[in-house]
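Asks: Quick check, what structure comes out for this input:
(one chain, ligands or ions: 1)
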Amino acid sequence: MAKGFYNVPIAVNEPVKSYAPGTPEREEVLAEYKKMYNSQADIPLYIGSEEIRTGKKVAMTSPHDHKHVTGHYYEADAALVTKAIDNALEAREKWANISWQQRAAIFLKAADLLAGPYRARMNAATMLAQSKNVMQAEIDAACEMIDFFRFNAQYMQDIYCEQPESSPGVWNRLDYRPLEGFVYAISPFNFTSIAANLPGAPVMMGNVSIWKPSDHQVYSAQIIVEMFKEAGLPDGVINVVYGDPKMISDVILARKEFAGLHFTGSSDVFKTLWKQIGENIFNYNTYPKIVGETGGKDFIWVHNSSDAKQVATAITRGSFEYQGQKCSASSRAYIPQSMWADVKKYLIQDVKDIKVGSPEDPSNFVNAVIHEGSFDKITSYIDRAKTSNEAEIIAGGGYDKSVGYYIDPTVIVTTNAKYETMVDELFGPVMTIFVYEDDKWEESFKLVDESTQYALTGAIFSTDRYIVEIATKALENAAGNFYINDKPTGAVVGQQPFGGGRASGTNDKAGSPLNLTRWTSPRTMKETFVAAKDFRYPFLGE
Ligand code: NAD
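Replies: This is a model prediction of the structure:
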């Protein structure tokens, strides 16, 4: 046990490497990519100390090269999911009781492994399997994941230091116990860092976890598992199962020891899970903690006091980086009539300059969308826009899935502020713009605020401080991450804690103490040094 109040190293954000031509990091990541492309990964389930390969073997392909198989993974059946839960519960006793400094050390070591020897592999896996260009991989799979580990260790310490006041003769304490059971972590395809953080954050706080990664992120999930093992995470603390999500959830949510859900993904899946938890509520030992960060329809609102070039750049970066497959990606914009000609000119030029292709060529800004289902969904919206009398495609609009699921960055202009692509989450490289009359700027806030069910990220552009103030108030509940004169993407751990409200999530702010606190069940302890010996209070005196 600790004999001292140890401080974890102060967290600082991991510097982003440039990957400019001729840099060693560029050579290393491209070599790693090639190696992975030319080999076959064989990815087991991780349950307790076992690596399990079942009869249900699934081939993995890259979104940008979907005929090329990069390896296989194996699906669990219900008996293996049960085994994963049993292993987690078996590991819980020791893990919940180890001193928190040991837990911090494991994650700090993982951060250093990722900053060093695992960096190229984690990035290359994310490029290959999730079709991210090297910079998008670097800011996610390397930097954000490192930041999650380092900042969470510091936040854990801060939380433990948060203690109640004591009065004379009394010592009050808060004991931040882990949850009494296990945490179910379900992760999306689009961020390798989120995948690691969903089981990682509860585990940092002393919980054990069953982790179900997305079928489209298994390749980099495997490297996360290897890294955690090398960092010293004991067997059974995180158990990894792949397979039919509904079956896995049915088995897990039926267990009385289910104590928490840490979910990131689409809103409907989260609502379905919440409903299922509600239906099982009488079966659980504790009320489960439910944390979900979900969909978005993120906006850029522009006032005519702003700069057209800045606005166009924010739209291009905010909407098309990682093919618009960030929950924070801008996909609707409101531009004043007087600025539209300039913004349009710059935007069309930007889109023309964007190269689309495989992440193996780092000059490609846009790569493929994640899978065929997504490709078909997004292109159906593009096709409808092509024939709609309320919409016009002014840039992009092309697509081709013969080799990879490629969709050109596309800009739609609509005359209907509630047109389907202004409202629905497409999760692809499509931006829709509504041009409003300059003097209706204040009325346009209602459109921004009320058009969608979501409230994740949003940006406003204006150089007029009165307008900034009014917009900030008018859009108070329209975004959990609100940007002034910047694109609405690129939140950094420790700087812009991330999460939204309404149908975008429970807003527990990933990578912040708010999130970590959810994975505790504090015990308040009051110790009285000299206990009373007479039940009579003074007021009872005659
Ligand atoms: P998704 O909802 O399709 O899948 C997310 C996870 O849920 C996957 O692991 C999937 O297998 C699992 N899943 C699907 N059906 C399930 C079921 N019935 N029971 C249990 N699990 C089930 O989402 P995706 O396509 O992987 O990711 C994109 C979505 O995630 C978008 O909506 C995006 O906005 C959202 N997202 C949100 C944030 C945020 O912080 N708010 C971050 C990243 C992604």
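Asks: Which strand or helix spans the residue most central in space within the chain?
Replies: Nearest to the geometric centre of the chain sits Ile194, at 4.2 Å (CA atoms, centre = their mean). Counting by DSSP states H and E, the element that carries Ile194 is helix 192-204.
Asks: for the protein, which helix is longest?
Replies: helix 78-97 (DSSP state H).
Asks: For the ligand, what's its nearest residue on the protein.
Replies: Closest approach between the chain and the ligand, counting by CB to the nearest ligand atom: Gly265, at 2.6 Å. C-beta here means a position set from N, CA and C on the backbone, and glycine is covered the same way.
Asks: element containing the closest residue to that residue other than its chain neighbours, please.
Replies: Leaving aside its sequence neighbours, Gly265 sits nearest to Pro188 (CB to CB, 6 or more residues apart in numbering; 4.5 Å). Using DSSP H and E, Pro188 sits in no helix or strand.
Asks: same question, Tyr46
Replies: With elements taken from DSSP H and E, the one containing Tyr46 is strand 45-47.
Asks: Quick check: mean pLDDT of that strand?
Replies: Mean pLDDT, computed over strand 45-47, is 98.
Asks: repeat for stretch 474-481
Replies: 98.
Asks: Please identify the buried residues of it?
Replies: Applying a neighbour-count criterion of 16 or more other CB atoms under 10 Å, one finds Ala474, Leu475, Ala478, Ala479, Gly480, Asn481 buried in stretch 474-481.
Asks: which residue sits closest to the first one in space, ignoring its chain neighbours?
Replies: With CB to CB, 6+ apart as the measure, Phe445 is the residue that lies nearest to Ala474, at 4.0 Å, once sequence neighbours are left out.
Asks: mind listing what the one you found touches?
Replies: For Phe445, the contact set (CB atoms under 8 Å, 6 or more residues apart in numbering) comprises Trp301, Ala471, Ala474, Leu475.
Asks: Wait, the last one touches Ile484, no?
Replies: No. The pair Leu475 and Ile484 does not pass the contact test of CB atoms under 8 Å, sitting 10.7 Å apart.
Asks: overlap in contacts of these two?
Replies: Joint contacts of Leu475 and Ile484 (CB under 8 Å, 6+ apart) are Ile460.
Asks: near the ligand, which residues of the stretch 301-450 of the chain show up?
Replies: For the stretch 301-450 of the chain, the contact set with the ligand under CB under 6 Å from any ligand atom comprises Cys327, Glu425, Phe427.
Asks: correct me, but the second one touches Gly324?
Replies: No. With contact taken as CB under 8 Å, Glu425 and Gly324 are classed as non-touching, separated by 10.0 Å.
Asks: For Met36, pull up the helix or strand it's in.
Replies: Here Met36 is covered by helix 24-37, with elements defined by DSSP H and E.
Asks: I'd like the distance from Asp438 to Ile467, if you could.
Replies: Shown here: Asp438 relative to Ile467, a distance of 12 Å by CB to CB, to the nearest Å.
Asks: Comparing these two, which residue is more hemmed in?
Replies: Ile467 (18 against 13; other CB atoms under 10 Å).
Asks: Just give the nearest non-adjacent residue to the more buried one, would you?
Replies: In space, Ile467 is closest to His303, 4.9 Å off (CB to CB, 6+ apart).
Asks: Pop out the phi and psi values for the closest residue to Tyr73 other than its chain neighbours.
Replies: Nearest residue to Tyr73 in three dimensions, chain neighbours excluded: Ile43, at 4.0 Å (CB to CB, 6+ apart). Dihedral angles phi and psi of Ile43 (degrees, to the nearest 10) take the values phi -110, psi 110.
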